[in-house]
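Asker: predicted model and sequence below, questions to follow.
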Amino acid sequence: MAERTISVVCRDCGTTFGHTKRGNKPKLLCPPCVLEAQRKATREHKRRKRAAAKVVYTHCPFCGGEYDEPRSRNGRCVGCRREYTREAVKRWKARQPNRPRESRCVRCNTATERTCASGRILYCPPCGEAAKKESIARAEANRKERRGAKLSTHCHYCGGELPRPYYSGKRPARCLPCKRQRQYAYMRSRTTQARANATCIDCCQPVHAKRKGPRRPRCAACRIIRQREIARVHAAVHGHARRAKMRGAEAEKFTKQSIFDRDGWRCGICCKRIPRHLTHPHSLSASLDHIIPLSKGGPHTRANTRASHLRCNLKRSNRFTSEQLALFG
């Protein structure tokens, strides 16, 4: 059937809305009214469910007590129902024929009291203890035969006495220290295996890198240089700051290179150029000078630092100059 859109008036609110007709029966409610009708039906359903779940109090016809549980077929409360069940079981057992409560031991044929009706083998108490010991002995014999060795009481490596006997079949007996030593040796052997085609990232020389080592391997010489460089940078950043903090002064984190670049590699004491290619301990190499010395309570900040020659810094020491007095005002 072809689809066509028609105008329909809502049965509840009287609103006109468009409806695409796909069958012979058009819609009677607009979408908001349909939603409200669904909500109303849900509320009605929950109301009926709550009404059905309401407790109906009644009285037991046997003991006369009031109870709020659904009545059984015979109309008894819980206590009377349980008592009736016990009496019924007693009557049923009384009608059953007397079954034998004794059985014979499978080893000594002695009459024993049956403890279960599962049909498994039953022993009298003495035979049960003997059978248990025989079972343990058989398991121990099978374990010895499977391992194919005798019981060891001492370590096969250091000769120390073991805290508990050990059947050394597949592997020799070891005490706890020897086990740890063997484990440490095994881990060292795993971590010292050389990785193929490993080259130093600094000098491009072949190195014996560990299989579980760093991803960027270095040779021994480059590693020492790298460690010294890291220590030098750390001391340059944190050394003066630590001294200032110990004296209760303000401290900032920055590098000497940033101060040298800021001052244009010119000495703040003699106003001469600082050669960049010279390094410590050359007398004309660059060094960091504090305008107000740290020993006098000066802060380690960018404003209180300047570039200087090493000899100028050492010659000045911690004496105040006219520039410092101007800073005090």
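Answerer: The structure has been received and is ready for your questions.
Asker: list the buried residues in the strand or helix carrying Ile230.
Answerer: Under the criterion of DSSP states H and E, Ile230 resides in helix 220-246. Buried residues in helix 220-246, counted by 16 or more other C-beta atoms under 10 Å: Cys222, His240, Ala241, Ala244. Glycine gets a C-beta too; all of them are placed from N, C-alpha and C.
Asker: give the other helices and strands that that helix contacts.
Answerer: In terms of contacts (3 or more C-beta pairs under 8 Å, 6 or more residues apart in numbering; DSSP states H and E), helix 220-246 is packed against strand 286-290.
Asker: which residues touch the strand it packs on?
Answerer: The contact list for strand 286-290, computed with C-beta atoms under 8 Å, 6 or more residues apart in numbering, reads 236, 240, 256, 259-260, 265, 268-269, 274, 276, 278, 280, 298, 300, 304-310, 312-313, 316.
Asker: need the CA coordinates for the helix or strand just after that strand. CSV is fine.
Answerer: Counting by DSSP H and E, the next helix or strand C-terminal to strand 286-290 is strand 305-309. What follows is strand 305-309, C-alpha atoms only, in CSV (Å, rounded to 0.1, in the frame of the first residue of the first chain):
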residue,chain,number,x,y,z
THR,A,305,74.5,37.0,39.0
ARG,A,306,76.8,38.0,36.2
ALA,A,307,79.5,36.6,33.9
SER,A,308,83.1,37.1,34.9
HIS,A,309,86.6,35.8,34.3
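Asker: for strand 305-309, which strands pair with it and how are they oriented?
Answerer: Strand 305-309 pairs in its sheet with strand 286-290 (antiparallel), by DSSP bridges.
Asker: what average pLDDT does the strand it pairs with get?
Answerer: Averaging pLDDT along strand 286-290 gives 90.
Asker: quick one: work out the angle between it and helix 220-246.
Answerer: For strand 286-290 against helix 220-246, the angle by axes from the mean of the first three to the mean of the last three C-alpha atoms, to 10 degrees is 10 degrees.
Asker: surely Tyr157 is in contact with Lys179?
Answerer: No. Tyr157 is beyond contact range of Lys179, at 9.7 Å (criterion: C-beta atoms under 8 Å).
Asker: more neighbours: these two, which one.
Answerer: Tyr157 (15 against 12; other C-beta atoms under 10 Å).
Asker: can you classify that one as helix, strand or coil?
Answerer: coil (DSSP: H, G, I helix; E, B strand; the rest coil).
Asker: quick one, strands of the stretch 51-200 of the chain?
Answerer: In the stretch 51-200 of the chain, the strands defined using DSSP state E, counting those that start in this stretch lie at 58-59, 66-67, 102-104, 111-113, 151-154, 161-167.
Asker: Lys21: which of these is closest?
Answerer: Closest approach to Lys21 among the strands of the stretch 51-200 of the chain is made by strand 58-59 (55.5 Å; C-beta to C-beta).
Asker: averaged pLDDT, that closest one. What do you get?
Answerer: In this model, strand 58-59 has an average pLDDT of 72.
Asker: mind listing the helices for this structure?
Answerer: For the chain, the helices defined by DSSP state H cover 31-52, 78-95, 125-147, 176-191, 220-246, 256-262, 310-316, 322-328.
Asker: list the helices and strands the third one packs on?
Answerer: Secondary structure elements in contact with helix 125-147, counted by 3+ C-beta pairs under 8 Å, 6+ apart, are strand 161-167.
Asker: parallel or antiparallel, list what pairs with the strand it packs on.
Answerer: Strand 161-167 pairs in its sheet with strand 151-154 (antiparallel), by DSSP bridges.
Asker: now the partner strand, how far from the chain's geometric center?
Answerer: Offset of strand 151-154 from its chain centre (C-alpha atoms, centre = their mean, to the nearest Å): 41 Å.
Asker: which residues touch that strand?
Answerer: Contacts of strand 151-154 (C-beta under 8 Å, 6+ apart): Gly160, Glu161, Leu162, Pro165, Tyr166, Tyr167, Ser168, Pro172, Ala173.
Asker: hey, C-alpha coordinates of it in CSV?
Answerer: C-alpha atoms of strand 151-154 as CSV (Å, rounded to 0.1, in the frame of the first residue of the first chain):
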residue,chain,number,x,y,z
LEU,A,151,67.0,-39.4,50.3
SER,A,152,69.5,-36.5,50.8
THR,A,153,70.0,-34.9,54.1
HIS,A,154,73.0,-32.6,53.2
